[in-house]
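# Provide a 3D model corresponding to the input given below.
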Amino acid sequence: MGKYTGGINHGFSGKTGSVIGSRWRKINYMKGLPRRSHKKATEGQIEQRDKFSMMVEFLVNLSDILVLGFNKINTNRQTVYNYALSYNLRWAFKTGDSGLEIDFSRVMISKGRLPKASDARAEMLPDNTVKVTWPPEAHTAVTSPEDKATVLLYCPVTKLGTVNSGKAERGDGGLVLAIPGNSSKDVCHVLIFFTSPGGDNSPTFYIGPVSYSEASFLSHS
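Numbering: from 1, shown residues only. Here you go, the predicted model:
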């Protein structure tokens with residue numbers, strides 16, 4: 001049963017017949033209950049479900065990064081999580097040797113006006129860590145040695161990730177990440193963005209894949 005919160009001209013919460021009432025950010029919403037369908041799902045529908053499941057699994061533990069990375073996004077109508085989910089569902093997939101998979105070179109976890117960290121590099125070290133480096137100098141008027149680095153290392157086989165956010169500055173020139181779990185023999189992916197002291201971000205830069213078998217610097221534009 002639905003509950004009125006302010007009279008006939010205001011919103012209600014709960015379920016009334018086939019209508020659900022709710023309120024979010026001081027805005028009243030009504031939606032109908034979904035109708036059951038006995039039609040067999042199309043290939044496109046199945047693919048979209050698979051995309052949704054994979055991307056939710058990837059983003060679900062990155063809430064703090066997304067809040068930082070999209071801190072300038074207008075969230076009056078959409079949370080930063082839903083913003084990131086919507087974008088990455090549309091743009092960050094590809095068909096690989098094993099079928100549908102996330103295209104980490106197109107994943108976006110930040111957005112902003114700072115220059116992209118396209119000079120960053122990553123190297124897998126023998127002690128099962130990954131060393132990420134970048135030039136410590138500020139090359140433009142909008143960058144600063146005090147810009148904070150956020151680096152994500154994600155290993156899709158084990159579905160584990162490591163995050164270093166705000167502990168290293170541009171002026172430090174780099175940091176070291178531990179490889180999560182038993183992922184040292186897998187191909188893992190490294191992404192980075194910077195945040196200025198004023199809160200401006202750089203767009204996400206995909207440094208590249210790293211693996212134990214290729215202890216070399218990799219870069220992707």
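
# Check which helix or strand the residue nearest the centre of the chain maps to.
In the chain, the centroid-proximal residue (Cα atoms, centre = their mean) is residue 109; its distance is 3.7 Å. According to DSSP states H and E, residue 109 maps onto no helix or strand at all.

# From residue 202, how far off is it?
11 Å (Cβ to Cβ, to the nearest Å). The way it works is simple: take the backbone N, C-alpha and C, and place the C-beta from them, glycine included.

# quick one: common contacting residues for these two?
When contacts are counted by Cβ atoms under 8 Å, 6 or more residues apart in numbering, residue 109 and residue 202 are jointly contacted by residue 193.

# and the closest residue to residue 164 other than its chain neighbours, how far is that from residue 122?
Leaving aside its sequence neighbours, residue 164 sits nearest to residue 151 (Cβ to Cβ, 6 or more residues apart in numbering; 4.9 Å). Relative to residue 122, residue 151 is positioned 9 Å away (criterion: Cβ to Cβ).

# can you check residue 195 too?
Residue 195 sits 19 Å away from residue 122 when distances are taken as Cβ to Cβ.

# These two: who's more crowded?
Regarding residue 195 and residue 122, a neighbour count based on other Cβ atoms under 10 Å identifies residue 122 as having more, with 26 against 21.

# partner residues bridging that one?
In this entry, residue 122 is beta-bridged to residue 132, residue 218, by DSSP bridges.

# Run a quick check on it versus residue 205, I expect a contact.
No: with the criterion set as Cβ atoms under 8 Å, residue 122 and residue 205 do not qualify as a contacting pair; they are 10.8 Å apart.

# Using the three-state scheme, assign residue 153.
Three-state secondary structure (criterion: DSSP: H, G, I helix; E, B strand; the rest coil) places residue 153 in strand.

# no, scratch that, I was asking about residue 46
Three-state call for residue 46 (three-state DSSP): helix.

# so how many other residues sit close to it?
Here the neighbour count serves as a burial measure; for residue 46 (other Cβ under 10 Å) it reads 12.

# Next one: it from residue 99, what distance?
As judged by Cβ to Cβ, residue 46 and residue 99 stand 12 Å apart.

# Next: residue 151.
Spatial separation of residue 151 from residue 99 under the definition Cβ to Cβ is 28 Å.

# If you count surrounding residues, which of these two has more?
Under the neighbour definition other Cβ under 10 Å, residue 151 and residue 99 were set side by side, and residue 151 has more, 26 against 8.

# My guess is the more buried one contacts residue 191. True?
Yes: under the criterion of Cβ under 8 Å, residue 151 makes contact with residue 191 at 7.3 Å.

# what's across from the residue nearest to residue 164 in the sheet?
Taking DSSP bridges, one finds residue 164, residue 192 as the beta-bridge partners of residue 151.

# so what's it up against?
Taking Cβ under 8 Å, 6+ apart, we find residue 151 in contact with 132, 163-165, 168, 175, 177, 190-192.
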